[in-house]
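**Q** 3D model of this:
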Amino acid sequence: MVLNVQKSIFAELADFMVAQPTLEEIAAYKVSSGVQQYIDDLLERNREEGLSAQERLELEKILAVIQIIDVAKAKAQLKLADKA
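**A** Model prediction:
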């Protein structure tokens, strides 16, 4: 079963960005529990039984978005540390 979480994670990130978050909010950002659960499920299935080509592509896209989020969080934390 492939859930189109890509739209959800992209929509979540876009909504977060247009809300003009503070550096503190960026540093603390986490995807919703529903998206995180789906990511966890995909990763577990990938380890245990493997994924279809479509599921693997979806997971790769999601993980790319997560990497962007992680970089933004790290940069926000550095800026906050510079302000202290």
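
**Q** going forward, measure contacts and count neighbours with C-alpha atoms only.
**A** Fine.

**Q** pLDDT weak spots in the protein?
**A** Across the chain, the ranges flagged by pLDDT under 70 are 1-7.

**Q** what's the helix of greatest length in it packed up against?
**A** Longest helix in the chain, counting residues (DSSP state H): helix 53-83. Taking 3 or more Cα pairs under 8 Å, 6 or more residues apart in numbering; DSSP states H and E as contact, the helices and strands that helix 53-83 lies on are helix 5-18, helix 23-28, helix 33-48.

**Q** for Asp70, find the nearest of these.
**A** Asp70 lies closest, by Cα to Cα, to one member of these: helix 23-28, at 8.8 Å.

**Q** and that closest one, which residues are buried?
**A** In terms of neighbour count (16 or more other Cα atoms under 10 Å), helix 23-28 has its buried residues at 23, 26-27.

**Q** keeping just the C-alphas, turn stretch 31-39 into PDB.
**A** Extracted as PDB, the C-alpha positions of stretch 31-39 are listed here (Å, rounded to 0.1, in the frame of the first residue of the first chain):
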ATOM      1  CA  VAL A  31       7.100  16.400  10.900                       C
ATOM      2  CA  SER A  32       3.600  15.400  12.100                       C
ATOM      3  CA  SER A  33       3.200  12.100  13.900                       C
ATOM      4  CA  GLY A  34       1.300  10.700  11.000                       C
ATOM      5  CA  VAL A  35       4.100  11.400   8.500                       C
ATOM      6  CA  GLN A  36       6.700  10.100  11.000                       C
ATOM      7  CA  GLN A  37       4.700   6.900  11.500                       C
ATOM      8  CA  TYR A  38       4.500   6.300   7.800                       C
ATOM      9  CA  ILE A  39       8.300   6.900   7.400                       C
END
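
**Q** many thanks, I have nothing further to ask.
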